[in-house]
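Enquirer: Predicted model, plus sequence, below.
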Amino acid sequence: MKLLDIGAVARQSGVAPSTLRYYEEKGLIRSVARNGLRRQFDQPVLTQLALISMGKMAGFSLDDMRRIFDKDGTPQLPRSELHSRADGLDQQIRGLIRLRDALRHVADCPKENHLDCPKFRRLMRFANRVADTGASARRQE
């Protein structure tokens, strides 16, 4: 099997060499050899890096991602947790849509003072509930 130099892995994956070394230190990826001082990786590391990027985008921590990979680097994707993360993303999307709509409403509101606008006041109450929910969720972690 052809080994990839750390520079080739960085170019092909878009992940900086320093990040690759950090991921190796965290146990997310594993180099299999050295060519002088340069780390060498098997081809599957590119798949692992793509999964790590996707996981980070979905809100998984690096520790979460480390638990997803077997000792040999094979991903073992926890389907129930993936469903839970997808549900969380759906909630975020709905919240972002409301925020977008609120911003558009504020920009176009005919009231001279936005605080006189009933819709704007409802949007502020919603924002407070969302902020309170996020704060309590962070306290529980």
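Expert: Done, it's in.
Enquirer: from here on, contacts and neighbour counts on C-alpha atoms
Expert: OK.
Enquirer: Run through the strands of the protein in chain order.
Expert: Taking DSSP state E as the test, the strands found in the chain are 4-5, 33-35, 38-41.
Enquirer: and the top helix by length along the chain, average pLDDT?
Expert: Assignment by DSSP state H gives helix 79-108 as the longest helix of the chain. In this model, helix 79-108 has a mean pLDDT of 87.
Enquirer: show me the contacts for residue 129.
Expert: Not one residue lies near residue 129 by CA atoms under 8 Å, 6 or more residues apart in numbering.
Enquirer: related to what we said a few turns ago, next one: the longest helix of the chain to chain centre, how far?
Expert: 15 Å (CA atoms, centre = their mean, to the nearest Å).
Enquirer: in that helix, what's buried?
Expert: 85, 99, 102, 105, 106 (16 or more other CA atoms under 10 Å).
Enquirer: Dump those to a markdown table, plus distance to residue 123.
Expert: A markdown table is the format used below for these (distance: CA to CA, whole Å):
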| residue | distance to residue 123 |
| --- | --- |
| 85 | 26 |
| 99 | 8 |
| 102 | 6 |
| 105 | 10 |
| 106 | 10 |
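Enquirer: closest to residue 127 among the residues you listed?
Expert: Distance to residue 127 across the buried residues of helix 79-108 (CA to CA) is lowest for residue 99, with 8.2 Å.
Enquirer: And for stretch 116-128, what's in contact with it?
Expert: By CA under 8 Å, 6+ apart, stretch 116-128 touches 102, 105, 106, 109, 111, 114, 115.
Enquirer: scratch that, stretch 30-50
Expert: Contacts for stretch 30-50 (CA under 8 Å, 6+ apart): 1-6, 9, 12-13, 15, 24, 29, 73, 75.
Enquirer: How about that stretch, which residues are buried there?
Expert: 30, 31, 39, 40, 41, 42, 45, 46, 48, 49.
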